[in-house]
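Visitor: Please find the sequence and the predicted model below.
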Amino acid sequence: MIGIEDLTVSFNGTPVVHGVSFQVGRGESFALVGESGSGKSTILKAIAGQAHEWTGSIRVGGDAMGRRRDAAFVRRVQMVFQDPYGSLHPRRTVDDTLSEPLAVHRIAGRDGKVLAMLDAVGLSRRFRFRLPHQLSGGQRQRVAIARALMLEPGVLLLDEPTSALDVSVQAEILNLLADLRAERGLTYLLVTHDLPIVSFLCDRLGVLRLGRLEEISEVAELRTGQLYSAYGRELVARSAGG
Amino acid sequence: MNVLSRDWLLSEDPETRAQAKLGQFYRVVRALSRNPLAMVGLAIIIALLLVAAFASWIAPYSPFEGSLQNRLQPPSVAHWMGTDELGRDIYSRVIHGARITLMIVLLVAVIAAPLGLIVGAVSGYFGGWVDRVLMGVTDVFLSMPRLILALAFVAALGPGIENAVIAIAITAWPVYARIARAETLTFRTAEFIAAVQMQGASHARVIWRHVIPLCLSSTIVRVTLDMAGIILTAAGLGFLGLGAQPPMPEWGAMISRGRAFILDQWWVATMPGFAIVIVSLGFCLFGDGLRDVLDPKQKVKS
């Protein structure tokens, strides 16, 4: 579904991701892990079309991506951002936020679709006309996930979707993401520094260090601590040590 | 259904879009009504609106015709504010002047605020060379004193009330552009903007539906606070003979005419002066109250 070949991404001429290649199959959940500054979010931005200085090839569903993302792309790939406090427009109600993608793509039947989506992400319908400041962090993140799903994309890019949330709420959101993937056959590309999330939600993972891919492994190998790169084992050890 | 009750308006869980919008509006109105000074300002503005609307009925005399036997009469029961050098009733002229003042203020606001808002939002949103060009133009306008620039424009366009409005509008927009740009820059890189771009919204849509609404409240506040300045600039142009032309009862022009008699017949210049001060004060007080209610930074704190 997603094919990355020899991807190099730069910011103002300084390369931060060096020649990264990996494939994510249809319906698969793939994690990019690494410390902050390892370039994992940058790869996501390049795929999403928010970072423009890149070379190499990005393919989605077999089509090579250019510098601009067209309407067909955004209906296939959507993103959930890290900070639910920053990713919702402060003056727009939940209804406005969820209707916007339908309005942009001139899709009819907005009321029904919005209500169905609220149900799908487990938000009560009475939240429909609330403003973001009247919602909790977990509820906001549910709205952000609902917004990403409004266009019924096959691929979700998840940028640390739970790291800004309280621990008790993290589990709810992770369960929701797992359920939605099972129901809708979604492909996930998850960026995180949290290894337990990877073993819960993902099938395979790529370990990034200083903008280079150290290894790609099955989650089973992560669970049993059998990552083959020294850096991967170091991450696991650090995660276990707290 | 208890439609339009307090509970219905303040409900945390509105059932329709209309209820949610009305509820937000009601919260603003309620917060504003708790500020006595803002209410005084609002009362003055409403009074100005009513006086302007019903000038012909309220004014006891014609604003243009007087009798020369009656010239320069002090305030009395017949002429509450006295008469001017042509025997015209100053009270009637001040009342009719409210229309001119209101027209100037509204026209300037309608021209300058949207122009500044759009220039600022576009500039802040795109950044780069668009920003540099637009802000360069803005800086050129900002670098000159407002009244002098307006004077220069009126001198070029010719005296008259329409040209005064255009001149004041041309000098007023750069401030709004600066405010809107600064506001836009604070959330330009926010994820909610990235999210809506990610959904395929065009730049025009992002600016119009997502950027401008966030700049709107600070611009509205600034416009109300600037109203006093606009009135004073208009009066200044009138005083210098470049705004409204005689015999129009524009307040600044009236003060200018009364200047010749200020030592012996003080009321000729003083009465329209009072009108300018009171109306300016009204807009200032109301703008101040609006800022307390609408300013997003204040809101975060509360």
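Guide: Here it is on my side, so go on.
Visitor: Could you measure from A:Glu237 over to A:Glu214?
Guide: Not Glu; residue A:237 is Ala. 15 Å (Cβ to Cβ, to the nearest Å). C-betas here are computed from N, CA, C, even on glycine.
Visitor: Please identify which of these two sits among more neighbours.
Guide: A:Glu214 (21 against 10; other Cβ atoms under 10 Å in any protein chain shown).
Visitor: Quick check, that one in contact with A:Arg233.
Guide: No: with contacts counted by Cβ atoms under 8 Å, A:Glu214 stays clear of A:Arg233, the gap being 10.3 Å.
Visitor: For the residue nearest the centre of chain A, give me the pLDDT.
Guide: The residue lying closest to the centre of chain A (Cα atoms, centre = their mean) is A:Leu158, at 1.1 Å. We have a pLDDT of 95 for A:Leu158.
Visitor: Show me how far stretch B:191-201 is from its chain's centre.
Guide: Stretch B:191-201 has its C-alpha centroid displaced from the chain centroid by 34 Å (Cα atoms, centre = their mean, to the nearest Å).
Visitor: Over to stretch B:184-191?
Guide: For stretch B:184-191, the separation from the chain centroid amounts to 28 Å (computed by Cα atoms, centre = their mean).
Visitor: quick one: average pLDDT of stretch B:271-279?
Guide: With pLDDT averaged residue by residue, stretch B:271-279 scores 92.
Visitor: Which of the helices or strands spans the residue nearest to the centre of chain A?
Guide: Assigned by DSSP states H and E, A:Leu158 falls within strand A:155-159.
Visitor: which residue sits closest to A:Phe200 in space, ignoring its chain neighbours?
Guide: The shortest distance from A:Phe200 to any non-neighbouring residue, by Cβ to Cβ, 6 or more residues apart in numbering or on different chains, is to A:Leu174 (5.8 Å).
Visitor: no, scratch that, I was asking about B:Ile255
Guide: Closest to B:Ile255 by Cβ to Cβ, 6+ apart is B:Ala269, at 4.8 Å.
Visitor: In contact with that neighbour, which residues?
Guide: Contact partners of B:Ala269, counting by Cβ atoms under 8 Å, 6 or more residues apart in numbering or on different chains, are B:Met254, B:Ile255, B:Arg257, B:Gly258, B:Arg259, B:Phe261, B:Ile262.
Visitor: Which one of those residues sits in the busiest neighbourhood?
Guide: B:Met254 leads those on contacts (other Cβ under 10 Å) with 29 neighbours.
Visitor: That residue falls within a helix, correct?
Guide: Yes: per DSSP: H, G, I helix; E, B strand; the rest coil, B:Met254 lies within a helix segment.
Visitor: buried stuff in the longest helix along chain A?
Guide: Counting residues, the longest helix in chain A under DSSP state H turns out to be helix A:167-184. Within helix A:167-184, the residues scored as buried using 16 or more other Cβ atoms under 10 Å in any protein chain shown are A:Val169, A:Gln170, A:Glu172, A:Ile173, A:Leu174, A:Leu176, A:Leu177, A:Leu180, A:Arg181.
Visitor: Quick check: next helix or strand after that helix?
Guide: Next along from helix A:167-184, by DSSP H and E: strand A:187-192.
Visitor: Partner strands of that next one, with direction?
Guide: Paired neighbours of strand A:187-192 in the sheet (DSSP bridges): strand A:29-33 (parallel), strand A:155-159 (parallel).
Visitor: ok now the last one, how far from the chain's centre?
Guide: In terms of Cα atoms, centre = their mean, the centre of strand A:155-159 is found 2 Å from the chain centre.
Visitor: which other residues reach it?
Guide: Under Cβ under 8 Å, 6+ apart, the answer for strand A:155-159 is A:1-2, A:41, A:44, A:47-48, A:60, A:76-82, A:148-149, A:177, A:186-192.
Visitor: Which ChimeraX command selects the buried ones in these?
Guide: With 16+ other Cβ under 10 Å as the criterion, this ChimeraX line picks the buried residues out of the contacts of strand A:155-159:
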select /A:1,2,41,44,47,48,60,76,77,78,79,80,81,82,148,149,177,186,187,188,189,190,191,192
